[in-house]
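> Okay, here's the prediction I keep looking at, along with the sequence it came from:
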Amino acid sequence: MTNAILKCPKCGSYSLKESCDCGEKRISPKPPKWSPEDKYASYRRKYKEQEGT
Ligand SMILES: [Zn+2]
């Protein structure tokens with residue numbers, strides 16, 4: 001989960017370490033995105049649970 005590759009926005013180096021040698025903090029090059037479909041599916045499932053009880 002936490003072993004995602006990180007990229008330094010300043011010098012562009014990749015590493016698993018958050019702190020870069022240049023002093024900049026590395027960030028995940030592609031952050032996890034939630035698709036609208038998943039969001040709605042989760043919402044609808046939650047709504048359905050409430051409806052069921
Ligand atoms: Zn750097």
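Cool, got the structure. Numbering: from 1, shown residues only.

> Next, count neighbours for Arg26.
Using other CB atoms under 10 Å, Arg26 is surrounded by 21 other residues. No exception for glycine: its C-beta is placed from N, CA and C like everyone else's.

> OK, contacts around the closest residue to it other than its chain neighbours?
In this structure, Arg26 finds its nearest non-sequential neighbour in Leu6, 3.6 Å apart by CB to CB, 6 or more residues apart in numbering. The neighbourhood of Leu6, defined by CB atoms under 8 Å, 6 or more residues apart in numbering, consists of Tyr14, Ser15, Leu16, Lys17, Glu18, Arg26, Ile27, Ser28, Pro29.

> Close to the ion: what parts of the protein are there?
Counting by CB under 5 Å from the ion, the chain comes close to the ion at Cys8, Lys10, Cys11, Cys20, Cys22, Glu24.

> Show me what counts as buried in stretch 40-53.
The neighbour-count check on stretch 40-53 (16 or more other CB atoms under 10 Å) flags nothing as buried.

> How about residues contacting it?
Residues outside stretch 40-53 that contact it (CB under 8 Å, 6+ apart): none.

> re earlier: are any of the contacts of Leu6 buried, and if so which?
Buried among the contacts of Leu6 by 16+ other CB under 10 Å: Arg26.

> Next, give me the two most distant ones among the contacts of Leu6.
The span of these, defined through CB to CB, is set by Lys17 and Pro29 at 14.3 Å.

> Only the C-alpha atoms, please, for the lowest-mean-pLDDT helix or strand in the chain, written as PDB.
Every helix and strand of the chain was ranked by mean pLDDT, DSSP states H and E. The lowest is helix 36-52, at a mean of 73. The C-alpha trace of helix 36-52 is given here as PDB (Å, rounded to 0.1, in the frame of the first residue of the first chain):
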ATOM      1  CA  PRO A  36     -17.500   8.800 -10.400                       C
ATOM      2  CA  GLU A  37     -18.900   5.400 -11.100                       C
ATOM      3  CA  ASP A  38     -17.200   3.900  -8.000                       C
ATOM      4  CA  LYS A  39     -18.300   6.800  -5.900                       C
ATOM      5  CA  TYR A  40     -21.900   6.400  -7.000                       C
ATOM      6  CA  ALA A  41     -21.700   2.700  -6.500                       C
ATOM      7  CA  SER A  42     -20.500   3.100  -3.000                       C
ATOM      8  CA  TYR A  43     -23.100   5.700  -2.300                       C
ATOM      9  CA  ARG A  44     -25.900   3.600  -3.600                       C
ATOM     10  CA  ARG A  45     -24.700   0.600  -1.700                       C
ATOM     11  CA  LYS A  46     -24.700   2.600   1.500                       C
ATOM     12  CA  TYR A  47     -28.200   3.800   0.700                       C
ATOM     13  CA  LYS A  48     -29.300   0.300   0.000                       C
ATOM     14  CA  GLU A  49     -28.000  -0.800   3.400                       C
ATOM     15  CA  GLN A  50     -30.000   1.800   5.200                       C
ATOM     16  CA  GLU A  51     -33.000   0.900   3.200                       C
ATOM     17  CA  GLY A  52     -32.600  -2.700   4.100                       C
END
